[in-house]
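> need a 3D model of the following:
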Amino acid sequence: MPTFLTMKRHTLCVCTLFSLFTFLDVSAAMSQKIKTVPAKTTSAGSGEEMYNSYCAACHGKDAKGDGPAAPALKDPVPDLTTLAQRNGGKYPAARVAAVIRFGAEAHAAHGSPDMPIWGPIFGGMHQSSASPEVQLRINNLSHYLETLQAK
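Numbering: from 1, shown residues only. Here you go, the predicted structure:
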């Protein structure tokens, strides 16, 4: 039968191991890496499908900047539901389309070098980045983001 001292040592070992594993788990989470993979082709006609496939990993399912990849990025991921609010109540469609196509400036509230520049990526799905399908994708994705604006 175990003595009180043996049980106490056992409990101390278990607690120490638990603390060590917790520390290692937190350290692993802090050093997360984002896996990059080629973009899968989605329907150019569905802004929602494109958002879910291309944007939700970082911006989150609800576009609030809390996607599963967000903690691994250098800069906070913007809340896309406040684009109109941050632009005097008007959704900045042309600006959003430009950011999707060309990327954001490093100092812009929206972007950082972490955000992919979707124009060339969409262009790779079609004949060129100037193809009508690329513009359709950008317009439909921008329009979908407009529907997510907080009221």
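> please count neighbours and contacts with C-alpha atoms only from this point.
Fine.
> now the helix or strand hosting Ala97: buried residues?
Per DSSP states H and E, Ala97 falls inside helix 93-102. Neighbour counts using 16 or more other CA atoms under 10 Å place 93, 96-101 of helix 93-102 among the buried residues.
> how is Ala39 assigned, secondary-structure-wise?
Recorded secondary structure, Ala39: coil (DSSP: H, G, I helix; E, B strand; the rest coil).
> ok, back up a step: so which elements touch the helix holding Ala97?
helix 118-125, helix 132-147 (3 or more CA pairs under 8 Å, 6 or more residues apart in numbering; DSSP states H and E).
> quick one: mean pLDDT for the shortest one?
When you say that, I think you mean helix 118-125. Averaging pLDDT along helix 118-125 gives 80.
> okay, buried residues for that helix please.
For helix 118-125, the neighbour count (16+ other CA under 10 Å) marks 118-123, 125 as buried.
> got it, and the longest one?
For helix 132-147, the buried set under the neighbour-count rule, 16+ other CA under 10 Å, comprises 133-135, 137-146.
> Lys74: which of those is nearest?
Nearest to Lys74, judged by CA to CA, of these is Leu145 at 23.3 Å.
> how many residues are close by Pro76?
Using other CA atoms under 10 Å, Pro76 is surrounded by 17 other residues.
> can you tell me which residues contact it?
If you count contacts by CA atoms under 8 Å, 6 or more residues apart in numbering, Pro76 has them with 65, 70.
> that one is in what secondary structure piece?
Counting by DSSP H and E, Pro76 is part of no helix or strand.
> how close does it get to Ile138?
23 Å (CA to CA, to the nearest Å).
> before we move on, what about Ala72?
On the measure of CA to CA, Ala72 and Ile138 end up 26 Å apart.
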